[in-house]
Structures are given as C-alpha cells and as structure tokens.
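Engineer: Dropping a prediction and its sequence here:
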Amino acid sequence: MLEVDLYKRLGEFVLDVEFYLDNEILVLFGPSGCGKSTTLELIAGLKTPDRGKVINQGINFFLKEDGKVKENLPINQRRIGYVFQDYSLFPHLTAFENIAYGIHGSDFTKKEIQKKVDELLTELRLKGLANHYPDELSGGQQQRVAIARALIVEPDILLLDEPFSALDTLVREKLRQDLLRIHGEFGIPVIYVTHNLTDVFELADQVAIYNEGKIEQFGAKEEVFYRPRTRNVARFVESKNIFDVVVEECKSEIKLRNDKFNLIAVSNQNFNSGEEVVVVIRPEFIDVLTDIDENVNQRNFYLGVLKKTLSKGAITRLFISIFSEEDYDLIVDTPTDFTNEHRLGAKIGVRLTADYIHIIK
Ligand SMILES: Nc1ncnc2c1ncn2[C@@H]1O[C@H](COP(=O)(O)OP(=O)(O)OP(=O)(O)O)[C@@H](O)[C@H]1O
C-alpha cells in the first residue's frame, strides 16, 4: 500500500492532501493549478514536502515528524517510474538506447539488457522500431518508448503526468489499453494526472478530485461520477444538470421543488422538510420520449423545446428548454439516430428516473 500525506506551500499556493492506494490506478483530476503535478513531484522526491509522509509497502520515502525529517530517500532509491507529457526522450539515442537508459550503469549484462528491452519493445508494440530515433517516431510511439523506459527499472510505483494529452483521440484510446494491460501485469500502484474525463472513465479504479490544493472527493470512480459529494465535484465530472431545490417531503420517496418544477427522487439519506439541497442528474440518465401525450401526467415528465444539438459521434447532446422560454435548462445525451433526427424548435418530452436523481446535502 502507498500512504501519502503531504503538506507543501509554494508561494501563495498550499497543497494539503492525504490518501492511501493499493495496487490500483488512481486518477488525479481537477482544474489547472490545483496541485496534481506537485503531488507527483513530492511522491517522486523531485520536491520536498514541508511536512507529511510518503510510505510505500512499509518503506519510508519521506517522513517528517515533530518538525524533524526522519527520512528523505533520494529519487533513484524510490523505484519510481515517471512519465511526462512531453515524452522527455533523448533525441540522440535510439528507441532501444532510450529504453535501456533506465538501467544505465546497473549490474545487468549486455545480454540481460537486450532481453529486457526486447520484452518491453514487444509489450509496447514497438517491435521493429528499436533503431529509430525519437524524431523518426510518432507521438504515440515516442510516449510508448517513454513508458518502456519507466518500466525497465521494474518500478514499485508508476507516475504519469498527463501522458497522453498531446496525442489524438485514437492513439490515446490505444495507449489507455496499453496502460491497463501493463497495470494488470505489473500490479503496482499507478497515479495518473489528467484533464480528460474519458481517461477517468476508462482508467480509474480510484479518483481524487482536486480543487485548490485539496482533495474535494476521493473514491471509486462510480462514487465520484454518480454520487458527487459537492456541487464543484458534480461540475468537474460534467454532471451538467445541477439545480437548487427545496425538500418538500421525505418519506419513502423524496419530493423536491423549486419555483420552476417539482421532482420525485429516492435516496437512502434523510432530509428535513424545507431543507435546501442540490440535485444532480447526469445527461445520459435522462430519457427522451418521442411518443408524447401531452395530457398524460406522468411523474418526473416534462415537455420542452429543443434549442440546440451537439453531435458527439454515437451520442448526440440535446439542449432543451423546459422552464425558460429563451435558453436551455436541461442537457440530455441520447444515441445518435440519423433516421430520426431531432429538429430544432420541435417539442420534446423528457423523463427523469427517480433512481438517477442524486441529491447533495
Ligand atoms: N516553485 C513554485 N513557486 C510558486 N508557486 C508554484 C511553484 N510551483 C508550482 N506553483 C504553483 O502551485 C500550484 C499547483 O501547481 P501544479 O503544477 O501542481 O498544478 P496542476 O494541478 O498540476 O496544474 P495543471 O493541470 O495545469 O498542470 C499552481 O498554482 C502553481 O502556480
């Protein structure tokens, strides 16, 4: 287990975070400048915490107690693999030499090094590119070389700082699969910094939502996506439909209202009548009804007007106005259907499922 408890002041900025991680992939996600990269640098030993601890599998990397530094292992003794956004390959070395550089000066024989590099070249789909220089490789290939170089030391932890952000969507997709496979084989804690929500969806076992130097929510990805604890977290994970409401009644069902609409939700939390809460409804959990019977008074059913659409490939995002004339107030993701395209200005029915209405106290 990796135990991390860090406090670091950098000018005006203060990082104060604590978490534990098993051999899982933790994704650090949050706005720019909130301390994600600094967290990696402190774990790796590139920066020194003002206080706290970094302990991996019982080995103290850093420990400061009672104002005294009791341990501060140098970077090269922490057995950490570190991958950066800009690949950081040596331009004058081939792919083979870049990968082998990780164990440069070690006791391995030439034959052992050859074997290790060959295995990693295969693992990272780089066979045949061993003698290429970085400027003869694509971005995705360069990043795979960088990952191989990080792995050749057989690290106990792998840290990746926005590793795929310079790459296009398809290459990114494949590299995510590579990373998941590598993680399955190495079985070590992986910490991955990103601004990309798809990375979180596809890679994370655990997610830490960062905000202004603190972790606003830490948990399994389904917790963070479907049960955000704060309005900020809901916003960061693009819940999109976030409304202030008042609890009218809380029995087996919860009746909620504001000055524009009523809603019925279910929750295992208890609320008081009159309590002000926030409801969050993800766009993919709203049903669009094409067969509209305006007279039917179904629960959580609303009739609106389609204001705008946005194609996201197999998904189309609909912007629907229900409560205000001019602007949209509900965002719904629906499967793209070319045979039945939504017309702007058309009437559109939506239904919110009580189970998918999340309430934040
Ligand atoms: N040496 C320094 N002196 C003063 N402030 C610093 C220093 N290094 C970093 N900071 C500040 O610390 C904060 C956190 O930076 P960090 O790079 O960790 O954020 P981040 O979440 O990784 O951002 P991004 O997603 O943009 O990379 C920023 O506000 C940054 O300006």
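Structural biologist: Okay, I see it.

Engineer: What residues does the chain have near the ligand?
Structural biologist: Within the chain, the positions near the ligand by C-beta under 6 Å from any ligand atom are 10-11, 13, 32-38. The C-beta positions use only the backbone N, C-alpha and C, and glycine is treated the same way.

Engineer: Of all pairs in the residues you listed, which one is the farthest apart?
Structural biologist: Farthest pair in these (C-beta to C-beta) is 11 and 36. Separation: 17.0 Å.

Engineer: For those two, indicate the residue with more neighbours.
Structural biologist: Set residue 11 next to residue 36 and count neighbours by other C-beta atoms under 10 Å: residue 36 wins out with 25 against 5.

Engineer: Contact partners for the closest residue to residue 152 other than its chain neighbours?
Structural biologist: Sequence neighbours aside, residue 102 is the residue nearest to residue 152 in space, at 4.0 Å (criterion: C-beta to C-beta, 6 or more residues apart in numbering). Neighbouring residues of residue 102 by C-beta atoms under 8 Å, 6 or more residues apart in numbering: 149-153.

Engineer: where in the protein is pLDDT low?
Structural biologist: In the predicted model of the chain, residues 293-297 satisfy pLDDT under 70.

Engineer: Using PDB, write out every CA atom in the longest helix seen in it.
Structural biologist: In the chain, taking DSSP state H as the definition, the longest helix is helix 169-186. Extracted C-alpha coordinates of helix 169-186, given in PDB (Å, rounded to 0.1, in the frame of the first residue of the first chain):
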ATOM      1  CA  THR A 169      -8.200  10.500 -29.700                       C
ATOM      2  CA  LEU A 170      -7.500   7.200 -31.400                       C
ATOM      3  CA  VAL A 171      -3.900   7.000 -30.300                       C
ATOM      4  CA  ARG A 172      -5.000   7.900 -26.800                       C
ATOM      5  CA  GLU A 173      -7.500   5.100 -26.900                       C
ATOM      6  CA  LYS A 174      -4.900   2.500 -27.700                       C
ATOM      7  CA  LEU A 175      -2.400   3.800 -25.200                       C
ATOM      8  CA  ARG A 176      -5.100   3.500 -22.500                       C
ATOM      9  CA  GLN A 177      -5.500  -0.100 -23.400                       C
ATOM     10  CA  ASP A 178      -1.700  -0.500 -23.200                       C
ATOM     11  CA  LEU A 179      -1.600   1.100 -19.800                       C
ATOM     12  CA  LEU A 180      -4.500  -1.100 -18.500                       C
ATOM     13  CA  ARG A 181      -2.600  -4.200 -19.800                       C
ATOM     14  CA  ILE A 182       0.700  -3.100 -18.200                       C
ATOM     15  CA  HIS A 183      -1.100  -2.400 -14.900                       C
ATOM     16  CA  GLY A 184      -2.600  -5.900 -15.000                       C
ATOM     17  CA  GLU A 185       0.900  -7.400 -15.500                       C
ATOM     18  CA  PHE A 186       2.900  -5.200 -13.100                       C
END
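
Engineer: What residues of it count as buried?
Structural biologist: 171-172, 175-176, 178-179, 182-183, 186 (16 or more other C-beta atoms under 10 Å).

Engineer: just stretch 252-271 next, same as before
Structural biologist: Residues of stretch 252-271 classed as buried: 254-256, 261, 263, 265, 267, 271 (neighbour count, 16+ other C-beta under 10 Å).

Engineer: Can you tell me the element residue 164 falls in?
Structural biologist: Under the criterion DSSP states H and E, no helix or strand holds residue 164.

Engineer: give the contact list for the residue lying closest to it once chain neighbours are set aside.
Structural biologist: Among residues not flanking residue 164 along the chain, residue 172 sits closest, at 4.6 Å (C-beta to C-beta, 6+ apart). Contact partners of residue 172, counting by C-beta under 8 Å, 6+ apart, are 164, 196, 198-199.

Engineer: Now do the helix or strand where residue 287 lies: distance to the chain's middle.
Structural biologist: If you go by DSSP H and E, residue 287 is part of strand 286-289. Its chain's average C-alpha position is 27 Å from that of strand 286-289, according to C-alpha atoms, centre = their mean, to the nearest Å.

Engineer: do stretch 6-21 as well
Structural biologist: 19 Å.

Engineer: Can you give me the end-to-end span of it?
Structural biologist: Terminal residues of stretch 6-21 are spaced 14 Å apart (C-alpha to C-alpha, to the nearest Å).

Engineer: for stretch 28-41, same thing?
Structural biologist: Stretch 28-41: ends 13 Å apart by C-alpha to C-alpha.

Engineer: can you list the residues that contact it?
Structural biologist: Under the contact criterion C-beta under 8 Å, 6+ apart, stretch 28-41 has outside partners 4, 6, 8, 10, 13, 15, 17, 47, 82, 159, 161, 191-195, 197, 200, 207-213, 216, 236-237.

Engineer: how about the closest residue to the ligand within the stretch 201-350 of the chain, secondary structure?
Structural biologist: Nearest residue of the stretch 201-350 of the chain to the ligand (C-beta to the nearest ligand atom) works out as residue 210 at 6.2 Å. Under the three-state scheme (DSSP: H, G, I helix; E, B strand; the rest coil), residue 210 adopts strand.

Engineer: That concludes my questions; thank you for your assistance.
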